[in-house]
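[1] my questions concern the predicted model and sequence given below.
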Amino acid sequence: IGIDGITLEGGGQLVRIALGLSALTAIPIHISNIRGKRPRGGGLKQQHLSAVKWLAQCCSAEMGGAENKSKHLEFIPSQDKTVGSIDVSWPSEIDIGGAGSIGLVFQAILPYILFRTRPGAGGHGNQVHVTIKGGTNTSFSPSYDYIAQVLLPTLEKIGIPHIRASLDRRGWSTGPIDIGGVTFSITPFAEGGFLRPFDLKDRGDIVRFEARAIIPRDCEARFREELNEGITRLSKEDAEVDLDVQVEESGHRTRLYFLLVAVSENGYRLGRDWLYDHKIKDAGVAISKLVKQVTKELRQELYHGGCVDEYMRDQLVVFQALSKGTSRVDVGRSSNGEPVPASLHTETAEWVAAKLLAAEFDDHGMCRGRGYV
Ligand SMILES: Nc1ncnc2c1ncn2[C@@H]1O[C@H](COP(=O)(O)OP(=O)(O)OP(=O)(O)O)[C@@H](O)[C@H]1O
């Protein structure tokens with residue numbers, strides 16, 4: 001299947017989804033114009049390449065163009081679709097080789113692990129363990145914190161067996177670059193097993209906010225002050241909403257990260273975060289901007305009444321397509337009463353999933369999936 005990488009969002013997500021689904025289905029792909037809508041010429045970056053190489057090793061794929069900055073990639077998986085044991089013959093560590101996003105590599109490899117691997121005979125119980133080394137907190141990607149607080153609980157809600165993410169070390173793309181690591185423990189589906197169609201609806205009222213801040217410790221008082229004000233603006237006046245706050249030392253004055261998660265009475269979790277990436281003259285002022293921005297964005301997310309936030313919506317598309325039957329995600333309503341429009345990332349994910357899995361989507365968060373062969 002030929003895939004033009006400049007389509008819609010035209011970034012790395014298109015490459016990751018196409019690649020993950022190609023490895024899973026053994027459908028050969030050729031991607032051209034890779035990251036064609038990104039500045040500085042696009043092409044493959046380390047983060048994408050590390051996923052390409054790892055998956056190629058797992059499914060014995062032949063490759064063309066798997067090089068730094070390459071604008072095309074041929075990926076031809078072996079047609080032997082028997083599942084294999086991941087920790088016997090395959091590497092259980094992926095090193096991005098910089099502070100590229102661990103969460104994005106995880107996004108690329110998860111479908112393959114869930115449906116094509118078996119825990120090995122190496123005494124690891126019934127789980128597959130993969131360690132990814134790179135950035136845990138990098139801009140424009142799911143942070144370790146978002147993965148643990150929003151992504152994994154949501155995947156569990158749609159019927160994916162519990163996945164554990166343990167933080168080995170933080171890795172940062174702001175301040176001095178630092179390489180971190182996360183170990184994922186994943187229970188694959190049993191052979192012949194499949195993901196049932198799911199229906200995420202009835203979000204219900206928000207009953208709790210969970211705040212995770214990674215900041216210099218001497219900024220904590222200012223952070224808590226700003227947070228209390230922000231939460232007052234976010235909550236309905238008459239509602240009783242719990243607040244759970246955790247603050248971690250970031251180890252550097254230019255490293256400020258904040259994730260705010262809203263938890264609903266029916267167990268949905270919507271999040272917004274920001275790894276502060278503006279120039280910092282005064283950490284207190286920066287913290288104030290950080291908290292205001294994140295609470296403002298989360299308020300917009302909560303207003304639509306849907307069950308997922310913008311990022312989760314595009315990250316669920318692959319799983320909707322992989323389930324056999326009709327899955328729905330209540331995406332909420334805009335002020336004009338229409339469903340919240342899909343982001344370009346969501347449209348792109350749907351476009352790729354339609355190409356490789358023949359899934360059909362509508363504007364209301366509905367997908368008719370055909371599973372995978
Ligand atoms: N703050 C965030 N929290 C959670 N997920 C995020 C966040 N920001 C972005 N994402 C997710 O990260 C992915 C980003 O895809 P994108 O194609 O932009 O990535 P990329 O590989 O970094 O590519 P490029 O460098 O080409 O932008 C999307 O799935 C999006 O939902």
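    Yep, that arrived. Residues are numbered from 1 along each chain as shown.

[2] grab the nearest non-local neighbour of residue 17.
    Of all residues not flanking residue 17 in the chain, residue 352 sits nearest, at 4.5 Å (C-beta to C-beta, 6 or more residues apart in numbering). C-beta: built from backbone N, CA, C; applies to glycine.

[3] what do you get for residue 353?
    Nearest to residue 353 is residue 321, by C-beta to C-beta, 6+ apart, at 3.7 Å.

[4] I'd say the one you found and residue 355 touch.
    No - assessed by C-beta atoms under 8 Å, residue 321 is found out of contact with residue 355, at 10.2 Å.

[5] who has more neighbours out of those two?
    Shown here are residue 321 and residue 355; by other C-beta atoms under 10 Å, residue 321 has more neighbours (29 against 18).

[6] ok so, going back, wait, isn't the residue nearest to residue 17 in contact with residue 18?
    Yes - if you go by C-beta under 8 Å, residue 352 and residue 18 touch, sitting 5.2 Å apart.

[7] what parts of the stretch 101-250 of the chain come near the ligand?
    104, 140-142, 146 (C-beta under 6 Å from any ligand atom).

[8] what subset of those is buried?
    Buried residues within those, counting neighbours by 16 or more other C-beta atoms under 10 Å: 104, 141-142, 146.

[9] next, see if the biggest helix by length in the chain gets close to the ligand.
    Ranked by residue count, the top helix of the chain under DSSP state H comes out as helix 283-303. No - judged by C-beta under 6 Å from any ligand atom, helix 283-303 makes no contact with the ligand; its nearest approach is 9.4 Å.

[10] now that helix: how far from the chain's centre is it?
    How far helix 283-303 lies from its chain's middle: 21 Å, per C-alpha atoms, centre = their mean, to the nearest Å.

[11] stretch 207-214 now?
    Using C-alpha atoms, centre = their mean, the offset of stretch 207-214 from its chain centre is 19 Å.

[12] picking up where we left off before, burial count for the residue nearest to residue 17?
    By other C-beta under 10 Å, neighbour count at residue 352 equals 29.

[13] from residue 13, how far out is it?
    Going from residue 352 to residue 13 by C-beta to C-beta, to the nearest Å gives 8 Å.

[14] let me see the domain layout of this structure.
    As assigned by automatic domain parsing, the chain contains the domains 1-80, 206-303, 308-370.

[15] could you give the mean pLDDT of the last one?
    With pLDDT averaged residue by residue, domain 308-370 scores 97.

[16] is the ligand contacted by it?
    Yes - Domain 308-370 is in contact with the ligand by C-beta under 6 Å from any ligand atom, via 311, 314-315, 345.

[17] okay, and which of those map to helices?
    Per DSSP H, the subset of the residues of domain 308-370 next to the ligand in helices is 311, 314-315, 345.

[18] neighbour-wise, which one of those leads?
    That'd be residue 315 among those, by other C-beta under 10 Å, with 26 neighbours.

[19] what does stretch 323-333 contact?
    If you take C-beta atoms under 8 Å, 6 or more residues apart in numbering as the criterion, stretch 323-333 is touched by 158-159, 194-203, 303-308, 313, 316, 319-320, 339-340, 342, 364-371.

[20] just the buried residues out of these, in PyMOL syntax.
    Entered in PyMOL, the line below selects the buried ones among those, by 16+ other C-beta under 10 Å:
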select buried, resi 158+194+195+197+198+200+203+304+306+307+308+313+316+319+320+339+340+342+365+366+367+368+369+371
